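Novice: Just the structure for this:
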Amino acid sequence: MSDLYEPLEFVFCGFRKGDAGLFISVATLRDGVLGREMYFSKGKSKRRWVVGGIYSGASFSDNGAKGLDDAHYVKAWEVQGDKIEWQAKSEQAEALARSEKLEADDRKRNELEELMLPIRKQYGALTKRRDRAGAAALEEAVLRALRAPIRKAEEK
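Specialist: Got it, this is the predicted structure:
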């Protein structure tokens, strides 16, 4: 291969985890011989791939690929050991990505709760005194502040 794109069949080897998220791993096929694995950004693709599936319809060069999302399934790769290894690596990458997302979501939630602590304390005091009007007013004030556009003086 070179910088010119050449139509080739490829095997989907699963997902791999990198610093920038999940990547798809594919290996090109030439005369039934598996080439090296190549990695491409998964992006926002909703494509459902079959690990160990042979696909046709994409073009490859040394530096990239075109038409991966348009490729169509041909058949399954016949070497069972390869498929098991690819599946294990793919599941590990997806589990790690899910774990990192959950951890980041928890971190965001904790930061938000920490920022709102003074308001939450005030709201707790109002509900303890059964001041429903005060609690409702505080809720409305928080929502109003949340919905207000950011002023230039507030941008940093």
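Novice: Can you check which helix is longest in the protein?
Specialist: If you go by DSSP state H, the chain has its longest helix at helix 80-115.
Novice: can you give me how far that one is from the chain middle?
Specialist: Distance, stretch centre to chain centre, for helix 80-115: 9 Å (Cα atoms, centre = their mean, to the nearest Å).
Novice: Next secondary structure after it?
Specialist: helix 117-128 (DSSP states H and E).
Novice: could you say what helices and strands that following helix packs with?
Specialist: Where contact means 3 or more Cβ pairs under 8 Å, 6 or more residues apart in numbering; DSSP states H and E, helix 117-128 is packed against helix 132-147. (Glycine included, C-beta is placed from N, CA and C.)
Novice: what's in contact with the helix it packs on?
Specialist: 119, 122-123, 126-127 (Cβ atoms under 8 Å, 6 or more residues apart in numbering).
Novice: what number of residues lie near Leu29?
Specialist: Leu29 has 18 neighbours, counted by other Cβ atoms under 10 Å.
Novice: Quick one: residues contacting it.
Specialist: Going by Cβ under 8 Å, 6+ apart, Leu29 touches 8-11, 35, 54.
Novice: can you rerun that using 10 Å?
Specialist: 8-11, 35, 54-56, 74, 77 (Cβ atoms under 10 Å, 6 or more residues apart in numbering).
Novice: and it, bridged to which residues?
Specialist: Glu9, Leu34 (DSSP bridges).
Novice: where's it relative to Glu103, distance?
Specialist: 38 Å (Cβ to Cβ, to the nearest Å).
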